[in-house]
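Novice: With the sequence up front, the predicted model follows.
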Amino acid sequence: MKLVVTVVHDRDNNKITEALLRNGFKFTKLPSTGGFLREGNVTFLIGVEGDDSSKVIQVISDSCKTREQFVNVLPPDAAPIGSFMPSPVKVLVGGAVCFVLDVERFEKF
């Protein structure tokens, strides 16, 4: 058995949830925050039999793509008075990070 731990951007949550359910995968979702932008993420915990981990990753990959977003480097209230405020910067957001872990023991009560 494998545990696929996947972190996705909050905006991709519904697409991935629907795709996983449509393909018969059960999962647990945890709200999370992190990364450069400190925006909302969702962490999925997906338990699968060994060979299904590749299928789960393919479903996630098909449902979740990176995209460009413009962000301000410093919020206006955090910049020192009289400092230069740079133009918004283009960054990539979205996509997914997947970790596949071996499960030594699994029990369901």
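Specialist: Okay, I see it.

Novice: Can you tell me what sits against the biggest strand by length in the chain?
Specialist: Assignment by DSSP state E gives strand 39-48 as the longest strand of the chain. The contact list for strand 39-48, computed with Cβ atoms under 8 Å, 6 or more residues apart in numbering, reads 1-10, 12-13, 16, 20, 25-35, 55-56, 93, 103, 106. Quick note: C-beta positions are derived from backbone N, CA and C, even for glycine.

Novice: and those residues, which are buried?
Specialist: For these, a burial check counting by 16 or more other Cβ atoms under 10 Å picks out 2, 4, 6-9, 12-13, 16, 20, 25, 27, 29, 56, 93.

Novice: Would you mind confirming that I57 makes contact with V4?
Specialist: Yes. I57 lies in contact with V4 (Cβ atoms under 8 Å); the separation is 6.9 Å.

Novice: Common neighbours of those two, please.
Specialist: Common neighbours of I57 and V4 (criterion: Cβ under 8 Å, 6+ apart): C98, V100.

Novice: ok, longest helix in this protein?
Specialist: In terms of residue count, the longest helix belonging to the chain (DSSP state H) is helix 52-63.

Novice: partners of the longest strand of the chain, with directions?
Specialist: Paired neighbours of strand 39-48 in the sheet (DSSP bridges): strand 2-9 (antiparallel), strand 28-34 (antiparallel).
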